[in-house]
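J.: Provide a 3D model corresponding to the input given below.
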Amino acid sequence: MRKTVITFDDDVYEAIVSLSVKKYGNTKNISKVVNELLRKELLSRGKIKGEEKVSTRISVRVSGGETLTAEEIDRLAEEEISNS
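T.: Model (predicted):
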């Protein structure tokens with residue numbers, strides 16, 4: 001497992017958060033969602049083997065905003081879902 005920081009465009013970040021909430025019911029699994037998406041794409045291109053597992057931790061920071069904890073992101077996501 002490796003840890004890195006990735007900067008996402010706002011629309012990409014929102015899509016990843018949405019996928020995490022939809023699939024896992026929270027945003028605590030954003031790294032898992034990103035890993036699943038990357039693994040699927042890399043497998044389809046033959047860049048990795050199916051049985052090979054790569055684990056990576058990602059810290060997410062929104063440009064121009066403050067750093068949020070996973071709990072704060074979950075709360076905001078739940079508020080957004082409740083308001084829609």
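
J.: Please make it C-alpha for all contacts and neighbour counts, starting now.
T.: Noted.

J.: Point to the residue nearest the middle of the chain.
T.: Geometric centre of the chain, nearest residue: residue 30, 2.7 Å, by Cα atoms, centre = their mean.

J.: Verify the contact between it and residue 22 for me.
T.: No. If you go by Cα atoms under 8 Å, residue 30 and residue 22 don't touch, sitting 11.1 Å apart.

J.: about what we covered before: which one is the residue nearest to the centre of the chain nearest to, not counting chain neighbours?
T.: Of all residues not flanking residue 30 in the chain, residue 20 sits nearest, at 5.7 Å (Cα to Cα, 6 or more residues apart in numbering).

J.: pLDDT at the one you found, what is it?
T.: You'll see residue 20 listed with a pLDDT of 93.

J.: Mind listing what's buried along the stretch of helix or strand it belongs to?
T.: Following DSSP states H and E, one finds residue 20 within helix 10-24. Of all the residues in helix 10-24, those buried under the rule 16 or more other Cα atoms under 10 Å are 13, 16, 17, 18, 19, 20, 21.

J.: following it, which helix or strand shows up next?
T.: The helix or strand immediately downstream of helix 10-24 is helix 30-44, counting by DSSP H and E.

J.: now that following helix and helix 10-24, what's the angle there?
T.: Calculated by axes from the mean of the first three to the mean of the last three Cα atoms, to 10 degrees, helix 30-44 forms an angle of 100 degrees with helix 10-24.

J.: what's helix 30-44 packed up against?
T.: Judged by 3 or more Cα pairs under 8 Å, 6 or more residues apart in numbering; DSSP states H and E, helix 30-44 is in contact with helix 10-24, strand 56-59.

J.: The ones you listed: lowest mean pLDDT?
T.: Note on the helices and strands packed on helix 30-44: lowest mean pLDDT is at strand 56-59, with a mean of 54.

J.: And the next helix or strand past it?
T.: Beyond strand 56-59 toward the C-terminal end (DSSP H and E), the next one is helix 70-83.

J.: That following helix vs helix 10-24, what angle?
T.: 90 degrees.

J.: With just CA atoms, put helix 70-83 into PDB.
T.: Output of helix 70-83 as PDB, limited to C-alpha atoms (Å, rounded to 0.1, in the frame of the first residue of the first chain):
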ATOM      1  CA  ALA A  70     -13.700  12.000   6.600                       C
ATOM      2  CA  GLU A  71     -16.400  12.600   9.200                       C
ATOM      3  CA  GLU A  72     -17.000  16.200   8.000                       C
ATOM      4  CA  ILE A  73     -17.200  15.000   4.400                       C
ATOM      5  CA  ASP A  74     -19.700  12.300   5.400                       C
ATOM      6  CA  ARG A  75     -21.800  14.900   7.200                       C
ATOM      7  CA  LEU A  76     -21.800  17.200   4.200                       C
ATOM      8  CA  ALA A  77     -22.600  14.400   1.900                       C
ATOM      9  CA  GLU A  78     -25.500  13.300   4.100                       C
ATOM     10  CA  GLU A  79     -26.800  16.900   4.300                       C
ATOM     11  CA  GLU A  80     -26.600  17.100   0.500                       C
ATOM     12  CA  ILE A  81     -28.500  13.900   0.000                       C
ATOM     13  CA  SER A  82     -31.200  14.900   2.600                       C
ATOM     14  CA  ASN A  83     -31.600  18.300   0.800                       C
END
